[in-house]
Every structure is written in structure tokens, then in C-alpha cells.
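A.B. asks: quick check, what structure comes out for this input:
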Amino acid sequence: MQPAISVIVPAYHAAATLPRCLDSLLGQTLREMEILVIDDGSPDASAAIAEEYAKKDPRVRVVHQQNAGQGAARNHGIREARGEYIGFMDSDDYAAPEMYETLYRAVQETGAKIAICQEINVEIGSDGAARELGGTQFPGPDVAVYGAAQIRDWFLNYTYVFFNNVWNKLIHRSILAGEGIFPEEHRYAEDMVASARMFARTEEVALVSRGLYYYVRDTGSFTYDYSVRAARDIYLDLQDILDLQKQSGRPMAECRNFCLGSMFSSLKQVYWAKDKAARKGEEARELIRQWKQAKREGQWKPDFSGKSVPLMHKIKIWTAYLGWTRFVCFLIGHMRWIPALRYV
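C.D. replies: The predicted structure is shown next:
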């Protein structure tokens, strides 16, 4: 029997968290689903763990590929998926039992091609206990439908920052059809580009005002994964989104806040890069020059009139515009004990 939905889980170095993720999916109240674990050439026990789950439950399928990155793994999963609707989950996160039934009901009842739920940010303590840190709060009733223009405005102004991610969404497979919707080549934050492409292909989106996806925050050093390569990828991600804006014929001025926010995020990767030598290397210097040139040529400036931009993102946007990113990152790096700054 064809499943109603397929959930795609890329797995790479995921042995420690994959069981929790898969247990949450197998415990879903919606039973008509398949779980596609895409083993991205993981050198640890991730593939073996997934195969054990597949032996015990036919809803789990394991697909193996050589290591190609999360974007390629997700594109591979889309090609393999049999469900009419497709969801994505990161292997270190988990879902509330009713998540996919709720999202599936939302798309069925509203006719929207995409449904998005709220996330709940959590930290996992050394004792294994989860501590909730809060999350996104959508407007409106339990389920509300919004047009593409409103969704695009929220996306480009960071109103609901987790619009950038794909793991809180259920998407009709027609939205994902064609050439790979996710950038590949190990691209960092590739789901930001994919989300922009999805929103460009739909007329309405259903928002579910319930926290159903548990996004697990890393509690280690805040420099553990910052890199100049990730900084470069954010620059490339923005170019893809700007190309999409040009192709649509919409004003480039709509993207100014998004451009400045992306600039801050990219330069933060440079200034907090784990490789201290790379912070001062030629690649980093060239990237900084490219950002400054893009800001100048694009005439990027903050524009908050009539827009709902969270305070923290207003600060980031102004910081990038004024050229203060290095200084602000230095300050934040010495003030991480303040809860509001832990996950800037």
C-alpha cells in the first residue's frame, strides 16, 4: 500500500541520536507512512542501526550512498520516496507523536501544498533529560492558511526564522519535483535555499500553531562548527535566493533585510571559525571584500517599515549595515553566559 507520507532522515555520524529520532517516527499516530533513512556514507554505526530498525518494522527503508552531504542525501530521498507528501527530519532531533498526523490533516483540510508547525528548542543534559527552551509562536488559530506573498515577506524578514528550515514542514511531492531542490556539494544551510524554492512554487501555506518538532540544540563549544567554508556557503545560498527573486520579477529591494542578515551570519562564521589561521587567511579576506562590494552595489539598508522583524534580527541587520560585525561578534563571544546570547 502506498504510504500517505514519506519522512526522509539523512544519517551521517548519527549513531548516538538516530535511535531517538527513529523511535519518535515509529511512534507517530499516523501509521500510513514510510521512513527513509539515507545513509550518507557514514563511517560510524548509523547504517547498521538503521538496518536493524528496518528488520523490525517494514515502514523503515534504508538507502545507502557515498558521502555527498545532506543536500544530496535529501534529494536522493525525494527520488526514492513513495508518499504523496514528504517530510524531513534531522537525525539528532525528534517529533511529538501527533506531528505528522496533525500536518497531514492540515494539508488535507485546507488544500495547501505545504504545512509548517512550530518547533520547540531543547537541550539534552548529561543525564539524558530534555530541557525546553521555548520556540516559535505563529499568529492566528490552531491552523491558518496564508498566501505566498505573506509567507515570502515573513521569510525574507526573519519574522519566523525557522521558515528557513525544512524539518518543520510537510510538502506535497509536486512542489519537490524536477531537478534537485536542495543545493548539493556539502553546502551549509542548504535547506534555506530549498525553502525559498518551495515557497516560490506554492500559492498557499498552512501554519499549525503547535510545537510539534523538537529541535535539539548543541550544548558544546559555540565555535565547534563555525568555519570559513560555511561562511562561503552562506554567501552562495544568498546568491541562489537572489537569483530566484530576479527570475520571479519581484523587486530586489524586498530582500535587503535578508541580505544584511545573511551577511551577519556569514561574517560571524569567519570571526568565530574554529580554525584560527583560516580567520585571517586569503579566502576569508576575499569573502569579506565580496560582502562589502555586494552591500555597496545592492544598496542594502535596513527597512523595517511595515515589517515584523524580531529585535535580535534587527540588531544583526543594523550591525551588518554599519560594519560592526567583527566588534559585535567579539563582544558576544565574551558574553555567552547570557542566556539570550547562547544561540545568536
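
A.B. asks: use CA for all of it now, contacts and neighbours both
C.D. replies: Noted.

A.B. asks: which stretches of the stretch 151-300 of the chain form helices?
C.D. replies: Per DSSP state H, counting those that start in this stretch, the stretch 151-300 of the chain carries helices over the ranges 190-200, 228-248, 256-271, 276-279, 282-298.

A.B. asks: what's the most buried one of the ones you listed?
C.D. replies: Highest mean neighbour count among the helices of the stretch 151-300 of the chain (mean count of other CA atoms under 10 Å): helix 256-271, with a mean of 25.

A.B. asks: follow-up on the earlier one: dump the helices of the stretch 151-300 of the chain into JSON lines; add distance to residue 307 and mean pLDDT as well.
C.D. replies: Formatted as JSON lines, these follow (distance: least, CA to CA, whole Å; pLDDT from 0 to 100):
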{"stretch": "helix 190-200", "distance to residue 307": "18", "mean pLDDT": "95"}
{"stretch": "helix 228-248", "distance to residue 307": "18", "mean pLDDT": "96"}
{"stretch": "helix 256-271", "distance to residue 307": "10", "mean pLDDT": "97"}
{"stretch": "helix 276-279", "distance to residue 307": "34", "mean pLDDT": "92"}
{"stretch": "helix 282-298", "distance to residue 307": "20", "mean pLDDT": "97"}
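
A.B. asks: for residue 84, which of those is the nearest?
C.D. replies: Ranking the helices of the stretch 151-300 of the chain by proximity to residue 84 (CA to CA) places helix 190-200 first, at 15.6 Å.

A.B. asks: that older thread, reformat the helices of the stretch 151-300 of the chain as a markdown table; add distance to residue 160.
C.D. replies: Putting those into a markdown table (distance: least, CA to CA, whole Å) gives the following:
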| stretch | distance to residue 160 |
| --- | --- |
| helix 190-200 | 13 |
| helix 228-248 | 17 |
| helix 256-271 | 12 |
| helix 276-279 | 30 |
| helix 282-298 | 24 |
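
A.B. asks: looking at those, which is closest to residue 60?
C.D. replies: helix 190-200 (23.3 Å).

A.B. asks: which one of the helices of the stretch 151-300 of the chain lies nearest to residue 328?
C.D. replies: Closest of those to residue 328 is helix 256-271, at 9.2 Å (criterion: CA to CA).

A.B. asks: give me the contact list for that closest one.
C.D. replies: The contact list for helix 256-271, computed with CA atoms under 8 Å, 6 or more residues apart in numbering, reads 156-158, 226-228, 230-232, 234-235, 238, 279, 284, 288, 291, 295, 300-303, 313, 316-321, 325-326, 329-330.

A.B. asks: now do stretch 154-168
C.D. replies: 87-90, 116-119, 136, 138, 191-196, 213, 254-255, 257-258, 307-310, 313.

A.B. asks: can you check stretch 55-69 too?
C.D. replies: For stretch 55-69, the external contacting residues (CA under 8 Å, 6+ apart) are 33-42, 47, 50-51, 53-54, 73, 77, 184-187.

A.B. asks: mind checking which of these are in strands?
C.D. replies: If you go by DSSP state E, the contacts of stretch 55-69 have 33-40 in strands.

A.B. asks: list the residues that contact residue 144.
C.D. replies: The contact partners of residue 144, taken as CA under 8 Å, 6+ apart, are 206-208.

A.B. asks: surely it forms part of a helix?
C.D. replies: No - assigned with DSSP: H, G, I helix; E, B strand; the rest coil, residue 144 falls outside any helix and is strand.

A.B. asks: so which residues of the stretch 1-150 of the chain form strands?
C.D. replies: Residue ranges of the strands in the stretch 1-150 of the chain, as given by DSSP state E, counting those that start in this stretch, are 5-11, 33-40, 60-65, 85-88, 94-95, 114-124, 130-134, 143-147.

A.B. asks: can you put the ones you listed in a markdown table and add mean pLDDT and distance to residue 26?
C.D. replies: Formatted as a markdown table, the strands of the stretch 1-150 of the chain follow (pLDDT from 0 to 100; distance: least, CA to CA, whole Å):
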| stretch | mean pLDDT | distance to residue 26 |
| --- | --- | --- |
| strand 5-11 | 98 | 11 |
| strand 33-40 | 98 | 8 |
| strand 60-65 | 98 | 9 |
| strand 85-88 | 98 | 14 |
| strand 94-95 | 98 | 10 |
| strand 114-124 | 94 | 19 |
| strand 130-134 | 82 | 20 |
| strand 143-147 | 96 | 25 |
